[in-house]
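[1] quick one: sequence and predicted model below, then my questions.
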Amino acid sequence: MTDTPMEEKRPLLSVRNLSVSYGAIQALKGASLDVYPGEIVAVIGANGAGKSTMMNAIMGDVKRGGGEISLDGKLLPARSFQVVSAGISLSPEGRKVFAPLTVMENLEIGAFPLKDKGEIKEQTRRVFNLFPRLEERRDQYAGTLSGGEQQMLAIGRALMARPRVLLLDEPSLGLAPIIITEIFKELAAINKTLGMTILIVEQNARKALLLSDRAYVLQTGVITIEGNSRDLLGDREIINAYLGGSEN
């Protein structure tokens, strides 16, 4: 990231007054956030706060009831395949790899916006450099991978489209602590080596705050706190509500 003040830069991803409802239940109530080029932004909050709904709304996987989402100043389309083609990819909650397909076939599906075979080959090389284990298992069925390997594959598949912004929905879910640490190291490397802009929603608030530059707190569909991640790590309200004094 550069040292240019945020107010002098234009957000790469901007969410403004986003609302989403499931029937009579309003999951998001006018939520707004910005993600600037090259940074990692975290959204933390309890289960049911609306974190995954926000990610799915950005991707066009759920209907947006109101508000605007833009990428580099241009409004995002409403359908998920168009959002990917526009430059945003999601590694979804629960990984959702295509179990009957091989690792390589999963990655090839992620590359659908790319038309040049050379570009696809180069992007595959980058993903394998980030996750050597995927290259070792390139011909293995995705359903036979461990949970950590499936998470690597979900992230790698999202990267295959060469997104400008990578969305990560609960990447630590269901993983052992040692694997979570490995995954988060890889995420930091993706940001540093690829210059990848990242928006992550994560229930493991400590890990998310240690990884990110800035963070937002989402409570029952409303952004209640935002700030520098290191500052939030020391905020008593955040500690009591989300960190619990634990060194997860």
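    Arrived safely, thanks for sending.
[2] so which strand or helix has residue 230?
    Using DSSP states H and E, residue 230 sits within helix 229-233.
[3] contacts for that helix next, please.
    Applying Cβ atoms under 8 Å, 6 or more residues apart in numbering, the contact partners of helix 229-233 are 42, 206, 208-215, 217, 225, 238-239, 243. In this view, the C-beta of every residue, glycine as well, is placed from N, C-alpha and C.
[4] hmm, 7 Å instead?
    Residues outside helix 229-233 that contact it (Cβ atoms under 7 Å, 6 or more residues apart in numbering): 42, 209, 212, 213, 214, 215, 238.
[5] same thing with stretch 199-216?
    Here stretch 199-216 has contacts from 1, 13, 33, 35, 39-44, 47, 51-52, 54-55, 165, 167-172, 180, 184, 187-188, 223, 226-229, 232-233, 242-243, 246, 248, using Cβ under 7 Å, 6+ apart.
[6] these in helices, which ones?
    Among the contacts of stretch 199-216, DSSP state H puts 51, 52, 54, 55, 180, 184, 187, 188, 229, 232, 233 in helices.
[7] which among those end up buried?
    51, 52, 54, 55, 180, 184, 187, 229, 232 (16 or more other Cβ atoms under 10 Å).
[8] what's the burial count for residue 237?
    Neighbour count for residue 237, taken as other Cβ atoms under 10 Å: 11.
[9] and if you look at residue 164?
    16.
[10] kindly report the same for residue 24.
    Residues contacting residue 24 under the criterion other Cβ under 10 Å number 5.
[11] quick check: phi and psi on it?
    phi -80, psi -10 (degrees, to the nearest 10).
[12] now the helices for this structure?
    All helices of the chain, identified by DSSP H, fall at 51-59, 80-86, 103-110, 117-130, 132-136, 147-159, 177-194, 205-211, 229-233, 236-238.
[13] model confidence over the second one, on average?
    For helix 80-86, the per-residue pLDDT values average out at 94.
[14] for the nearest residue to residue 215 once chain neighbours are set aside, grab the count of nearby residues.
    Nearest residue to residue 215 in three dimensions, chain neighbours excluded: residue 42, at 4.2 Å (Cβ to Cβ, 6 or more residues apart in numbering). Neighbour count for residue 42, taken as other Cβ under 10 Å: 25.
[15] bridging residues for residue 42?
    residue 200, residue 215 (DSSP bridges).
[16] count of residues packed around residue 18?
    Neighbour count for residue 18, taken as other Cβ under 10 Å: 24.
[17] I misspoke; the intended subject was residue 117.
    9.
[18] give the buried residues for stretch 231-241.
    232, 235, 238, 239, 241.
[19] off-centre distance for stretch 12-19?
    15 Å (Cα atoms, centre = their mean, to the nearest Å).
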